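>>> Quick one: sequence plus predicted model below, questions after.
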Amino acid sequence: MRDAVSRFVQDGDTVVIEGFTHLICFAAGHEIIRQGRRDLTLARLTPDLIYDQMIAAGCARKLVFSWAGNPGVGSLHAFRRAVEGKSAAGGGLEIEEYSHFGMVARFSAGAARLPFWPLRNYMGTDLPAANRRIRSVACPYTGEALATVPALNPGVTIVHAQRADAAGNTQMWGLVGVQKEAAFASERVIVVVEELVEEAVIRSDPNRTVIPGMIVSAVVVEPWGAHPSYAQGYYDRDNDFYVAWESISRDPDQLARYLDEFVHAVPDRAGYMAKQPQLAARLKAKERFSRGVNYGF
Amino acid sequence: MRDAVSRFVQDGDTVVIEGFTHLICFAAGHEIIRQGRRDLTLARLTPDLIYDQMIAAGCARKLVFSWAGNPGVGSLHAFRRAVEGKSAAGGGLEIEEYSHFGMVARFSAGAARLPFWPLRNYMGTDLPAANRRIRSVACPYTGEALATVPALNPGVTIVHAQRADAAGNTQMWGLVGVQKEAAFASERVIVVVEELVEEAVIRSDPNRTVIPGMIVSAVVVEPWGAHPSYAQGYYDRDNDFYVAWESISRDPDQLARYLDEFVHAVPDRAGYMAKQPQLAARLKAKERFSRGVNYGF
Amino acid sequence: MAAVAARELSDGEVVFVGIGLPNLACNLARATHAPNLVLIYESGAVGAVPARLPVSIGDPALVTGSLMVCGMADVFQLFLQNGRIEVGFLGGAQVDRYGNINTTVIGSYERPAVRLPGSGGAAEIAVHARRTLIVAKLNPRAFPERVDFVTSPGQRCAGRARRELGMPGAGPVKVITDKGILEADETSGEMVLAALYPGVTADDVQRGVGWPLARRAQLSAVAPPSATELRLLRDVLDPKGLFLKS
Amino acid sequence: MAAVAARELSDGEVVFVGIGLPNLACNLARATHAPNLVLIYESGAVGAVPARLPVSIGDPALVTGSLMVCGMADVFQLFLQNGRIEVGFLGGAQVDRYGNINTTVIGSYERPAVRLPGSGGAAEIAVHARRTLIVAKLNPRAFPERVDFVTSPGQRCAGRARRELGMPGAGPVKVITDKGILEADETSGEMVLAALYPGVTADDVQRGVGWPLARRAQLSAVAPPSATELRLLRDVLDPKGLFLKS
């Protein structure tokens, strides 16, 4: 992870760590904080705790997003302090805001290497007034006006997955969010997996492959790399930590202490897990295996 | 199949029997011929043998397509006679022609219920001159001109798949072509499967579901329903028949005799298979099972 | 509120489910009168049958045993924009006279007094779902005459009706509160008082609303939660009281 | 021709494979100097390792054991339009002076003398692949000064260079024939004679081309298929001679 981040994540980059609730690569975010990256444009649908931590750590210059809360719990307080102009650091945080559909459409355009994506949306809302990059286009057939969003092509996208082979051919299941589009839209792609598998495992079920090795810059093996997010079939979401974040992030000093203890004071994800030996037992997934299908002819 | 076609396929409909080489539902095409449907607009990327047969049988008024050949073999002669104005029936066949990307984009627009889809294509080609429905739009961000194709929203789309439950939740693997988009673009959807399975089988591997029951009008169980096309894991493509079609279709009388014997003279797919007892043994798929994955938490 | 919301759902309907009360309402409906309700979550889980109360809309329990899991591009393009969603649930910090919802900022957008999470999928749900149900507790600050920011469009936005604006869905047809139910008036598009909870007066509701609240000629009475509904909610669906405060 | 085409491929390249000779060429390259060639078929099979010679580009043997299978919307948007395809193979009934290809009609579009299959994926491959290789047998009718219909754009279309027309790919850089190799001239965009097969003269090639064929100052000699290449092609890749006529 250390090498992948130092090689492929540079100051000033547009960085996407995707995953909708599922497979959010906290391990990568923590390594970016440890390496002290600055002036990043952080983009994802739901900044979630990981971007709240990176904002608190001073990595972010700008945030591109569509829903900035702590799901089912409350606020992302570092984000709020920055946007409400209450962060001690000051400076504040530039924001560029869409709806989920708008962000998904931006990644879809980026992945297809089109400059824009059309969608039927935003009529009657104040979003286009708040974000001038939401525009419209006239249909060449019906003449009707459709909303448009511009392509999003990140410098680097980091995707966490259940498994990949050494060449980066990556398979995931459960919620897949917008990772495929984000990866294809990106200049560089870092894949972080729970398990490195033989190429034969990938080839035994090719319909499960979401990201092909040809677009992957680096493969990192990092078990539990998504915690407190989760990996279907590997470990559950740590809802207790998401709840705890409400009070941790509410107090800048507590948040700083959290980062010191769980990010700066540990060398890597293994160290992070070693500090919390009870996690594995509490969150390890039960078995609920699907059956295989026949690819013969 | 008889009921599904009589209820959901009407004279004058735009009918899509999709499947790129894989999972082409010949059983449905034959039933449409048996029921004597007329004035159909037949749309798919590759008309393949099935639309050549339906054209010869007089079901089609118009063909919307992107590649009209017999893959690796030669021509679709009924199609050629109609277009080259050499068909005894005369009348001829109206055509509307795109490239594969254009047809895929038309289904994508239809599935998203957008009136058009943008693509970077057709510059320098004579296709837009031959088909005025290929137009262009100016990007609201860069100003560049991009090609557009109009949405395709069929009256009925027929999809063949390996398995579905009684509610029409459908799973397929191997080549999936553009079936998902075609089904979501369609007013009515008929799913034809090799195997009807318990809902529990579908729920055991939800990432394999391509078409949800909520958009399906009818589920038909028709083993070998795709022959001479194929079903990955069930039976191989009957390449010998594809080769034989070159001479059958070249001679209108032979073609008529083929339709009499293998379509009109049989009541259904079971009858079709009973006439060719050696097929099953020759084409049955070998076993090459994938392993299951864990959906537990 | 969860019980009242549940009664708004018919068996077999396709519902775009949000987390919290809407999720409780949907699962209560499934457990009572609407066993064939199809639950779709913006996370991509279709036909979910959560074995536990999901804390987030991306909970792994929504995936395990669901009918289909698809990417979010499909959720928004093939399901929502395609018009397949019959009911969408919405809530927010502010709901106004015409059912416009604000989940973005209190105060100005540039210098917000309170920065809220933003739209998420709410804007497109408000545009495309065949009908939406708003669930919110009464309080004059939460029900202003006009919201500070329109995140999700209601029946009229800046004086124009949603049909003129080209929105496919019917928009917010009802606002389910903790004291009564408001309904969109077919002609004016205004949210008007339609039903009262037991022991609640029209004035009680008016006190929680920041505009002069019109009333239906006939106000119906909302039946209190049945014993079954209460048992399911408290013992089965939300035993920890995660979302059932009070 | 298959052997000559195979030599044009470098190890590790991503190739959009058509059926027939291109497929033979790619599998020959994989069996010889380019074991890490990534084969992508427009049918959606990525990293295919066909256990038998595919009769069609949708052959089940392309799926079994491949690295990835994706829908065709992904093939065209995420791989081809995204610029991930390094080499595309094209063939056709007519190839003209600037490498424009016709696979649509002989004669007029409205009243064709011969109706050909049409574009398939050829038009977009010609636009987007970083470079394309054309494989076709020489014959003045197959190599007219101008094609009857431009299905797949070459170096110049109706007098305009492909860059002006906004095409991302470099277009047809070589035409591999049964007598020699033509290359696109960097300045004129015209296909000019660059290499000859053993025992073939420039005049032999000219006789198969319908325009005055320019020549490179230095004509190189195409080495004949090696024993290994011939053995692989005849005994392993196409034992039934499906595509190796002659």
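Received the coordinates, thanks.
>>> Just the endpoints, please. Distance across stretch A:117-137?
Using C-alpha to C-alpha, to the nearest Å, the end-to-end distance of stretch A:117-137 comes out at 10 Å.
>>> again but with stretch A:250-270, I slipped
Where stretch A:250-270 starts and where it finishes are 28 Å apart, if you go by C-alpha to C-alpha.
>>> Tell me which residues of that stretch come out buried.
For stretch A:250-270, burial by neighbour count (16 or more other C-beta atoms under 10 Å in any protein chain shown) applies to A:252, A:255, A:258, A:259, A:262, A:263, A:266, A:268, A:269. No exception for glycine: its C-beta is placed from N, CA and C like everyone else's.
>>> what's the burial count for residue 167?
By default, I'm working from chain A. 17 (other C-beta atoms under 10 Å in any protein chain shown).
>>> not what I meant, chain C
Counted with other C-beta under 10 Å, residue C:167 comes out at 20.
>>> Ok, the one 3 residues further on next?
The burial metric for residue C:170, expressed as a neighbour count using other C-beta under 10 Å, is 14.
>>> Including pLDDT, could the buried residues of stretch A:250-270 go into TSV?
Shown next, in TSV, are the buried residues of stretch A:250-270 (pLDDT from 0 to 100):
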residue	pLDDT
A:252	96
A:255	97
A:258	98
A:259	98
A:262	98
A:263	98
A:266	98
A:268	97
A:269	97
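>>> which one among those residues gets closest to residue C:134?
residue A:255 (34.0 Å; C-beta to C-beta).
>>> Relative to residue D:64, how far out is that closest one?
52 Å (C-beta to C-beta, to the nearest Å).
>>> Residue A:126 too?
For residue A:126, the distance to residue D:64 equals 53 Å [C-beta to C-beta].
>>> Neighbour count: the two, which is higher?
residue D:64 (26 against 22).
>>> Which of the buried residues of stretch A:250-270 fall in helices?
A:252, A:255, A:258, A:259, A:269 (DSSP state H).
>>> Just send those back as JSON lines, with distance to chain C too.
Compiled in JSON lines, these are given as follows (distance: C-beta to the nearest C-beta, whole Å):
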{"residue": "A:252", "distance to chain C": "16"}
{"residue": "A:255", "distance to chain C": "17"}
{"residue": "A:258", "distance to chain C": "21"}
{"residue": "A:259", "distance to chain C": "22"}
{"residue": "A:269", "distance to chain C": "20"}
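>>> what comes up buried for the helix or strand bottoming out on mean pLDDT in chain C?
Of the helices and strands making up chain C, the lowest-confidence element is helix C:21-31, at a mean of 89, by mean pLDDT, DSSP states H and E. Going by neighbour count (16+ other C-beta under 10 Å), the buried part of helix C:21-31 is C:21, C:22, C:23, C:24, C:25, C:26, C:27, C:28, C:29, C:30, C:31.
>>> Just give the closest residue to residue 38, not the sequence neighbours.
Just going to use chain A. residue A:11 (4.9 Å; C-beta to C-beta, 6 or more residues apart in numbering or on different chains).
>>> could you do chain C instead?
residue C:14 (4.6 Å).
>>> now that neighbour: how far from chain A?
18 Å (C-beta to the nearest C-beta, to the nearest Å).
>>> so what's residue 109 up against?
Since you didn't name a chain, this refers to chain A. Residue A:109 sits next to A:115, A:116, A:117, A:149, A:150, A:151, A:152, A:185 when contact means C-beta atoms under 8 Å, 6 or more residues apart in numbering or on different chains.
>>> actually chain C
Residue C:109 is in contact with A:126, A:130, C:149, counting by C-beta under 8 Å, 6+ apart.
>>> hmm, 6 Å instead?
Contacts of residue C:109 were listed using C-beta atoms under 6 Å, 6 or more residues apart in numbering or on different chains, and they are residue A:130.
>>> Touching, residue C:91 and residue C:135? I think so.
Yes: using C-beta atoms under 6 Å, residue C:91 is in contact with residue C:135, at 5.1 Å.
>>> Which residues of the stretch 151-297 of chain A lie near chain D?
Proximity of the stretch 151-297 of chain A to chain D, by C-beta under 6 Å from any C-beta of the partner chain, involves residues A:169, A:184, A:203, A:206, A:207, A:209, A:212, A:214, A:295, A:297.
>>> returning to that earlier point: so which of the contacts of residue A:109 sit within helices?
Residues of the contacts of residue A:109 located in helices (DSSP H): residue A:185.
>>> Spell out which parts of the stretch 151-297 of chain A neighbour chain C.
So the stretch 151-297 of chain A meets chain C at A:174, A:175, A:176, A:177, A:178, A:230, A:232, A:239, A:288 (C-beta under 6 Å from any C-beta).
>>> pLDDT wise, what is the first one at?
We note a pLDDT of 98 for residue A:174 in this prediction.
>>> what about it, which SS state?
Put simply, residue A:174 is coil when judged by DSSP: H, G, I helix; E, B strand; the rest coil.
>>> Nearest to chain D: which residue in chain C?
residue C:73 (10.0 Å; C-beta to the nearest C-beta).
>>> What is the burial count for that residue?
That count, for residue C:73 with other C-beta under 10 Å as the rule, works out to 22.
>>> And stretch A:258-270, how far out from the chain middle?
Taking C-alpha atoms, centre = their mean, to the nearest Å, one finds the center of stretch A:258-270 at 19 Å from the center of the full chain.
>>> Between its first and last residues, how far does it reach?
In stretch A:258-270, first residue to last residue: 17 Å (C-alpha to C-alpha).
>>> How about stretch A:67-81?
With C-alpha to C-alpha applied, stretch A:67-81 spans 16 Å between its terminal residues.
>>> so who does residue 165 touch?
Chain wasn't specified; assuming chain A. By C-beta under 6 Å, 6+ apart, residue A:165 lies in contact with A:197, A:199, A:202.
>>> I was thinking of chain C, sorry if that wasn't clear
A:123, A:124.
>>> Check it and give its pLDDT.
On pLDDT, residue C:165 comes in at 95.
>>> so how far is residue C:97 from it?
On the measure of C-beta to C-beta, residue C:165 and residue C:97 end up 17 Å apart.
>>> how about the helices in the chain?
As the question left the chain open, I've gone with chain A. Under DSSP H, chain A gives helices at A:2-8, A:26-34, A:48-56, A:77-83, A:100-111, A:127-130, A:179-185, A:199-203, A:239-250, A:252-259, A:269-274, A:278-283.
>>> oops, I was thinking of chain C
C:2-7, C:21-31, C:72-74, C:122-128, C:202-207, C:227-231.
>>> export the ones in helices among the buried residues of stretch A:250-270 to TSV and tack on distance to residue C:120?
Shown next, in TSV, are these (distance: C-beta to C-beta, whole Å):
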residue	distance to residue C:120
A:252	26
A:255	24
A:258	26
A:259	27
A:269	29
